[in-house]
Structures are given as C-alpha cells and as structure tokens.
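Undergrad: return atomic coordinates for the entry below.
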Amino acid sequence: MIAIYRLGVLAAILAVWSWAAARLGGNIVPGPFETLEAAQTLLANGRLAGAVGDSLSVYLSGFALAVLLAVPLGVLMGGFRVLGKTLEVYVFAFAATPRVAFIPLIIVLLGLGVEAKIFIVFLGSLMPILLNTYAGVLAADPEMIEMAQSTGAGRGRIFARIVLPGAVPYVITGLRIGATIGLINTVVAELYTAVSGLGGLLAVYGNTFRMAEYFVVVLALALIGVIMTEGLRHVEERASRWRDVG
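TA: You can find the predicted model right below:
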C-alpha cells in the first residue's frame with residue numbers, strides 16, 4: 001500500500017509540474033518531457049555523469065571524514081561526563097555558527113581545489129552526527145544500567161551491551177541529518193570554490209536560463225539524497241536487529 005501511495009503522490013507531483021509548466025512557460029518551468037529530453041542529452045554527452053562523479057567524490061569523502069570523527073568523539077563525550085561537560089559549550093557554539101562564515105578562511109588556507117570542498121562538506125556533516133551521538137549516549141536507560149550493575153556487570157560491559165545499542169537510533173538520525181546537510185554543502189562548496197560538479201552545472205545553467213538542464217541537475221541532487229536516506233534507513237533496520245539481539 002505504501003508503494004501505491006507513493007506512486008499516487010508522484011502522479012500528483014507530475015500533474016502539478018505539468019500545470020505549472022503550461023501556466024508559466026517552459027522558459028521558467030520546463031515540463032517533465034522537456035526535462036527528460038534534457039536529461040537524455042546530458043547523459044549522452046557524458047556531462048551529467050562526470051558532474052555526478054565529481055560531486056559524489058567530494059560529498060562521500062567529506063561525509064565519511066565527519067562520521068569517522070563525530071561518532072567516536074560523541075561516544076567519548078557521552079561516556080565520560082567530565083569530558084562532555086567540558087567540550088559541549090564549545091560544540092554548541094560551533095554548531096550555532098553558520099558554516100558559510102568559514103568558507104573564505106577555508107579558501108585562504110586550502111585554496112580552491114578538492115581539499116577545500118571536502119572540508120566544507122565535512123564541517124556541514126560533523127555537528128549533527130556529533131550532537132546526536134552525544135545525546136544518544138546520554139539517553140541510556142538508567143533502570144537498565146542499574147539492573148545490569150546489580151548483576152555485577154562492569155562498566156565496559158554495560159557500555160557495550162546497553163549504552164551503545166541504545167544510542168543507535170540517535171546516531172542514525174544524526175547520520176541522516178548530516179548526510180542532508182553534507183549534500184547541501186557539496187553544492188555550496190562547488191559554487192564558492194572552483195566551479196565543478198553538479199553545483200557548477202547549476203551555476204552554468206542557471207546563469208544562462210537553460211531551465212530544462214537546470215531541473216535535471218536539481219533532480220539528480222534529489223535522487224542522491226533519496227538514495228542516501230534510504231540506505232541509512234536500511235542500516236538503521238539492521239542495527240535495530242543487532243540491538244534487539246544484543
């Protein structure tokens with residue numbers, strides 16, 4: 001039934017899209033068929049595939065680096081309360097600072113190449129993952145911990161069997177948010193630094209009012225976001241089974 005509902009929503013979106021294209025004109029909102037033709041052209045000449053490859057390499061590299069730092073640091077901050085209380089004020093302050101404010105400094109330090117783009121994506125993805133991991137460890141069930149302590153379980157065993165499994169939903173939520181912000185920052189990085197990837201195509205087609213091609217790039221970004229979100233949802237399902245078994 002969910003699949004049927006989703007197809008119904010897709011049909012409604014296509015209907016509204018077609019109506020808007022007819023009402024506003026293809027120069028402003030291209031119709032689905034015009035967008036499909038533009039997509040076929042971009043795929044045939046290899047421009048879309050090359051841009052997707054460039055953007056994915058930046059996006060996945062920055063996101064992976066954020067995961068490798070944020071998850072262990074969040075676990076440490078939640079597991080060692082003194083460390084968490086010491087660092088959290090700085091973490092919250094950094095999280096509240098717009099990442100765009102750091103882009104000029106990043107360009108000065110790292111230039112306009114791929115390193116700067118990866119670092120911008122890394123900054124965008126880092127805080128949601130770190131904060132949610134930290135919150136997940138702190139949200140461990142105190143009654144479960146007390147019961148485990150009453151059976152003689154040590155701190156390490158409690159942490160591995162109760163605290164970490166209980167933090168999994170929080171971590172996955174952080175990964176989802178971080179993945180979304182990371183994708184947005186990928187486009188921002190490609191617009192602010194050397195114009196390339198999908199962000200570069202957005203700039204080129206937007207500035208020349210080639211709206212059909214522009215819509216193709218937007219839909220490609222949306223597809224990447226859906227794939228990442230669905231992939232993380234499957235990871236969450238597997239992790240939940242592991243948590244229940246544990």
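Undergrad: and G31, what does it touch?
TA: Counting by CB atoms under 8 Å, 6 or more residues apart in numbering, G31 touches W17, S18, A21, A22. (C-beta placed from N, C-alpha, C; glycine too.)
Undergrad: swap in L110?
TA: By CB under 8 Å, 6+ apart, the contact set of L110 is A116, F119.
Undergrad: okay, it: pLDDT?
TA: L110 is assigned 82 on the pLDDT scale.
Undergrad: returning to that earlier point: closest one of the contacts of G31 to L87?
TA: Proximity to L87 was ranked across the contacts of G31 by CB to CB; first place goes to W17, at 46.8 Å.
Undergrad: I'd guessed A179 sits against S125; true?
TA: Yes. Here A179 reaches S125: they are 6.9 Å apart, a contact under CB atoms under 8 Å.
Undergrad: so what sits against both of these two?
TA: Listed as contacting both A179 and S125 by CB under 8 Å, 6+ apart are F63.
Undergrad: those two: which is more packed in?
TA: Higher neighbour count among A179 and S125: S125, with 32 against 26, using other CB atoms under 10 Å.
Undergrad: contacts only, for the more buried one.
TA: The contact partners of S125, by CB under 8 Å, 6+ apart, come to G62, F63, A66, V67, A70, G178, A179, I181, G182, N185.
Undergrad: try it again with 10 Å
TA: The contact partners of S125, by CB atoms under 10 Å, 6 or more residues apart in numbering, come to 59, 62-67, 69-70, 99, 174-175, 177-186.
Undergrad: least trustworthy helix or strand in this protein by mean pLDDT?
TA: Lowest mean confidence among the helices and strands of the chain (mean pLDDT, DSSP states H and E): helix 142-150, at a mean of 67.
Undergrad: chain center to the helix or strand that it is followed by: distance?
TA: Downstream of helix 142-150, the next assigned helix or strand under DSSP states H and E is helix 155-158. On the basis of CA atoms, centre = their mean, to the nearest Å, helix 155-158 sits 32 Å off its chain's mean C-alpha point.
Undergrad: now do helix 155-158: which elements does it pack against?
TA: helix 142-150 (3 or more CB pairs under 10 Å, 6 or more residues apart in numbering; DSSP states H and E).
Undergrad: which residues in this structure form helices?
TA: 2-24, 32-44, 47-79, 81-95, 103-110, 114-138, 142-150, 155-158, 164-192, 197-207, 211-245 (DSSP state H).
Undergrad: in the second one, what's buried?
TA: Which is helix 32-44. The neighbour-count check on helix 32-44 (16 or more other CB atoms under 10 Å) flags E34, T35, A38, A39, L42 as buried.
Undergrad: again, but for the fifth one
TA: Buried residues in helix 103-110, defined by neighbour count with 16+ other CB under 10 Å: I103, I106, I107, L110.
Undergrad: hey, what's the angle from it to helix 164-192? Just curious.
TA: Angle, helix 103-110 to helix 164-192, by axes from the mean of the first three to the mean of the last three CA atoms, to 10 degrees: 90 degrees.
Undergrad: give me the number of residues near S57?
TA: The burial count for S57: 15, using other CB under 10 Å.
Undergrad: er, V121 I mean
TA: V121 has 32 nearby residues by other CB under 10 Å.
Undergrad: try R155
TA: 12.
Undergrad: which stretches of this structure have low pLDDT?
TA: Under the criterion pLDDT under 70, the flagged ranges of the chain are 141-143, 145-146, 148-154, 156, 194, 239-246.
Undergrad: okay, which residue is most central for it?
TA: Ranked by distance to the mean C-alpha position of the chain (CA atoms, centre = their mean), the top residue is A179 at 1.1 Å.
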